[in-house]
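> This is a predicted model, with the sequence first.
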Amino acid sequence: MITHKTKYALKALVVLADEKAGEATALRIEEIADRSGAPKRFLEHILLDLKRAGLIGSRRGRRGGYELIKEPKRVSLAEVLRLIDGPLAPLTCLSRRAYQRCEDCKDEQTCRVRAVFGGFYATYILMIESLTLADLQEDARSIERVALPEPATGE
């Protein structure tokens with residue numbers, strides 16, 4: 001699961017991408033919070049992380065605020081997930097960017113846990129690395145492409 005922080009980052013980026021496609025004005029934190037539904041106090045830190053990563057820029061002054069400086073189709077969702085939450089791999093021995101050998105593993109080649117999660121992770125990483133901010137901007141009906149389980153009723 002992605003964290004609330006990542007979800008807020010993605011929602012803020014969608015707001016900035018939509019603004020870039022429309023009037024293309026810089027937005028104040030309060031405006032981004034209002035449009036995205038993300039709490040302002042979280043957004044301050046998130047927007048600084050996104051700015052440091054070169055995804056958004058800021059302007060000072062009366063017409064100041066934040067703006068998306070990359071094209072939405074060039075903003076990888078995997079990049080945002082890694083930026084906010086860290087490595088995507090379910091096990092450190094599967095990570096390409098933060099690899100560490102598992103302390104309790106004698107042989108990675110025969111490790112059954114690694115094999116099962118490795119197969120899942122390979123599929124997941126191919127999918128997530130193909131998605132961009134532009135995909136989030138698309139019509140909400142695109143979720144129908146993926147078969148999602150029905151929510152539990154709490155019985």
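On my side now, so go ahead.

> contacts, neighbours, all on C-alpha from now
OK.

> which residues are in contact with the lowest-mean-pLDDT helix or strand in the chain?
One helix or strand of the chain scores below all others by mean pLDDT, DSSP states H and E: helix 112-130, with a mean of 89. Contact with helix 112-130 is made by 76, 77, 78, 79, 89, 90, 91, 93, 94, 108, as judged by CA atoms under 8 Å, 6 or more residues apart in numbering.

> Just the buried residues of those.
For those, a burial check counting by 16 or more other CA atoms under 10 Å picks out 76, 77, 78, 79, 89, 91, 93, 94.

> Okay, and the third one sits in which element?
Taking DSSP states H and E as the criterion, the element that holds residue 78 is helix 77-85.

> Give me the angle between that helix and helix 112-130.
110 degrees (axes from the mean of the first three to the mean of the last three CA atoms, to 10 degrees).

> Residue most distant from the centroid, the protein?
Farthest-out residue of the chain from its mean C-alpha position, per CA atoms, centre = their mean: residue 106, at 33.8 Å.

> what about that residue, is that helix, strand or coil?
For residue 106, the assignment made with DSSP: H, G, I helix; E, B strand; the rest coil gives coil.

> returning to what we had before: which one of the contacts of helix 112-130 is nearest residue 36?
Nearest to residue 36 among these: residue 77, at 17.0 Å, using CA to CA.

> For the closest one, give me the pLDDT.
Looking at residue 77, its pLDDT is 94.

> Could you find the closest non-adjacent residue to it?
Leaving aside its sequence neighbours, residue 77 sits nearest to residue 132 (CA to CA, 6 or more residues apart in numbering; 5.1 Å).

> The one you found contacts residue 70, correct?
No: assessed by CA atoms under 8 Å, residue 132 is found out of contact with residue 70, at 11.4 Å.

> so where's this protein uncertain?
The chain contains residues with pLDDT under 70 at 139-155.

> follow-up on the earlier one: what are the phi and psi values for the residue farthest from the centre of the chain?
phi -90, psi -30 (degrees, to the nearest 10).

> okay, residue 132 and residue 70: which has more neighbours?
residue 132 (19 against 14; other CA atoms under 10 Å).

> What values do phi and psi take at the more buried one?
phi -130, psi 170.

> mind listing what it touches?
Counting by CA under 8 Å, 6+ apart, residue 132 makes contact with 72, 73, 74, 75, 76, 77.

> Those into TSV, with extra columns for distance to residue 25?
Output for the contacts of residue 132, formatted as TSV (distance: CA to CA, whole Å):
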residue	distance to residue 25
72	16
73	19
74	20
75	19
76	23
77	23
